[in-house]
Structures are given as structure tokens and as C-alpha cells.
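Asker: here's a sequence, model it:
(chains A and B)
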Amino acid sequence: MEFKAFFKTQIVPGFFISVTCISFAMGVIGTIYIPDASFGYGILFSPLIYGLLGAVLQLVTYSKKELSVRQMLLREVIHVFLLEAGILAILYAGNALTSRKITIALILSIPVIYSSVAFVMWMNDKRTSETVNHMLKELQKINAGSDDHHH
Amino acid sequence: MKVKIRLITDKDAEQVVIECVEENQDVRDIEAYVLCKGTLMAGIKEGQIGSFRLSDVFYFEAVDERVFAYTEHQVFEMKVRLYLLEEACRDKFFTRCSKSVLVNLMKLDSISPALNGRFTAHMKNGEKIIISRQYAGTLKKAILEGVSYGI
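Answerer: Residues are numbered from 1 along each chain as shown, chains lettered A, B, ... in the order given. Next up, the predicted model:
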């Protein structure tokens, strides 16, 4: 796939969906473990930063050549591991890993967010395929009709 | 190369004559293109030349600089480049679904979402072909144009 197409169809939508999911996950984890915490406006940039990290690391799944299912799955797994390492490194550097429970919750949230992003994008693709299938049936019906007319 | 077009009245006498000093690749490309515009095609199967109808082809695939035509039960090797087939067969409902595959929309049963933004084309003979993300839009556009033209 050309990089421009990969950027437009994978990276950009993935970024926006992941920012939404990260915001939600931060809200849930924060509400459960540190409900009385107060933050400055700077915290609003966190989902964007993590989303951007995810988008950059997604480059590991890019290939100009067509990849097999196994190759694609392997790259997705590598992407998840890199995300775990990257996000946890940022949180550790920012002294955000204040307890074991929070650390475990954050570690578990990353694959959950990743799966949610993949699911949303898959649902979007499913809608696209349903539209295409409907149009395809119409096209084949029209063509079958015109073939009968010619015969 | 000079081009001359002479209008005639007899449909059965329509033909293309190529006058050349040497039968080089350009001449063979032109020959292959003209042949593709018809509905009966020739290819090599098990070392022998055989003919088949374009409408029976499920898809063309380019592998290692060779092009193969797949009908329901047979495979023919063709001495023509994929991009020429694409141009010649566009009005016969063939469209690119990946860098190396040209699919017959009339033999396509449905599409479904696959991993990482790709789609799977389910052919009417049960075969599955990968639709690259960058060609999903092309396929959708080809179907839409076909429906619009038919209406």
C-alpha cells in the first residue's frame, strides 16, 4: 500500500478513535483509583500525546508489499508491545505510576483500548462492505437484465 | 506509429490489421489489447493454446511478471500485461482489487472486512481474494459507475 493511502485510511482515523478511547479509559481509571485528584488544563493534552505515540508506533504495521495474515498479526502484536513500553515509560517518567493497582489497570487498559480502536474501525469497514454488497447486487441484477434483453 | 481508421458498413468484416517491420513487444501489446476488447480470449494451458470467454473469468492475477486468467475450473497464462487488461476490460466490469489482481465484478459474490483495513472478496466459486485498502475505494467506484450507467 502506498504510504499516503496508509496514512489517510489507517493512521488518521486510528489516531482520532484512540484519543477518544484513551480519554474514556483515563476517566474510568481515575474515577476508580484517584477520584479526588485535581489537575491543571495540561492533563487534557495527555490523550492527544498518547494517541500521537500510538499513531507513530503504528508505522510498524506499514508495508509497501502486501502482507500475509500471519505477518500482519505479528506486526499488530509488536505494535501493542511497543505501545505498552512507550506509554508506561512516559507514565513512569511523569511519576504517574503511584500504586501497583494503577499500574496494572494501565497495563491492562492499553490492549483494551487497542482492541476498541480495531473494533470501531472494523465496524466502519463492515458498514462499507454492506453498502458495497448492496450496490454489487444491483449491478449484477442490471447486467443480468441487459444480457436477457440482448438474447 | 501512424494510425489510420477506415469506416466500413459490414460489422462482420471489422478487423484491426497491424503492419510492422518487426513483431516486437509494442506490436504484441497492441495485439493483446485488441484481442481483449473481444469476448473470446486465448491463453496457454498446460503448454497448449486454449480459448475461453472473458465473461467466464473470475479474476486475472499477475505473478512474477506473468499474468494468469482464472475461470471456474481452469487457469490460462496470458501474454499480456495486467495494466493493458485493466484498460481493455474496464467496460466489461473488471476492476483492480489489489496491485496484482483484476477481479470480475459479475463473478463477485460479496465482500467482507478483513484485518488492518483490508477486505476479502468472496467469489461465486468459493475462492477468496484480498482487496487492498487502497483499492477498496476503486472497487466501490467501479460498482457505483456500473449501477449509474445501467440505470
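Asker: give me the nearest residue to B:Ser100, chain neighbours excluded.
Answerer: If you skip the residues right next to it in sequence, B:Ser100 has B:Ala62 as its closest partner in space, 4.3 Å away by CB to CB, 6 or more residues apart in numbering or on different chains. Yep, even glycine has a C-beta here, placed from its N, CA and C like the rest.
Asker: so the one you found sits in a helix?
Answerer: No - inclusion of B:Ala62 in a helix is not indicated when DSSP: H, G, I helix; E, B strand; the rest coil is applied; the result is strand.
Asker: so who does it touch?
Answerer: Applying CB atoms under 8 Å, 6 or more residues apart in numbering or on different chains to B:Ala62 gives the contacts B:Phe68, B:Arg81, B:Leu82, B:Ser100, B:Val101.
Asker: and these, which of them are in strands?
Answerer: Counting by DSSP state E, the contacts of B:Ala62 place B:Phe68, B:Val101 in strands.
Asker: can you say which of the contacts of B:Ala62 are buried?
Answerer: If you count burial by 16 or more other CB atoms under 10 Å in any protein chain shown, the buried members of the contacts of B:Ala62 come out as B:Phe68, B:Arg81, B:Leu82, B:Val101.
Asker: list the contacts for the most centrally placed residue in chain A?
Answerer: In chain A, the residue lying closest to the centroid (CA atoms, centre = their mean) is A:Val117, at 3.4 Å. Taking CB under 8 Å, 6+ apart, we find A:Val117 in contact with A:Gly14, A:Ile17, A:Ser18, A:Cys21.
Asker: among these, which one has the most neighbours?
Answerer: Using other CB atoms under 10 Å in any protein chain shown as the neighbour definition, the contacts of A:Val117 reach their maximum at A:Ser18, which records 26 neighbours.
Asker: mind showing which ranges of chain B have poor pLDDT?
Answerer: Scanning chain B with the threshold set as pLDDT under 70 gives B:32, B:35-38, B:149-151.
Asker: which residues of it lie near chain A?
Answerer: Within chain B, the positions lying close to chain A (CB under 8 Å from any CB of the partner chain) are B:93, B:98-100, B:105-106, B:108, B:110-117, B:119, B:130, B:132-134, B:136, B:139-140, B:143-144, B:146-147, B:150-151.
Asker: for B:Ser112, grab the count of nearby residues.
Answerer: A count of nearby residues for B:Ser112, using other CB under 10 Å, gives 16.
Asker: got the buried residues for whatever helix or strand it lives in?
Answerer: Following DSSP states H and E, one finds B:Ser112 within strand B:108-113. Neighbour-count burial for strand B:108-113, counted by 16+ other CB under 10 Å, picks out B:Leu108, B:Ser110, B:Ile111, B:Ser112, B:Pro113.
Asker: repeat that for stretch B:54-65.
Answerer: So for stretch B:54-65, counting by 16+ other CB under 10 Å, buried means B:Leu54, B:Asp56, B:Val57, B:Phe58, B:Tyr59, B:Phe60, B:Glu61, B:Ala62.
Asker: again with stretch A:91-104
Answerer: Counting neighbours by 16+ other CB under 10 Å, one finds that the buried residues in stretch A:91-104 are A:Leu91, A:Ile102.
Asker: centre of the chain to it, how far?
Answerer: Between the mean C-alpha location of stretch A:91-104 and the chain-wide mean there is a distance of 23 Å, by CA atoms, centre = their mean, to the nearest Å.
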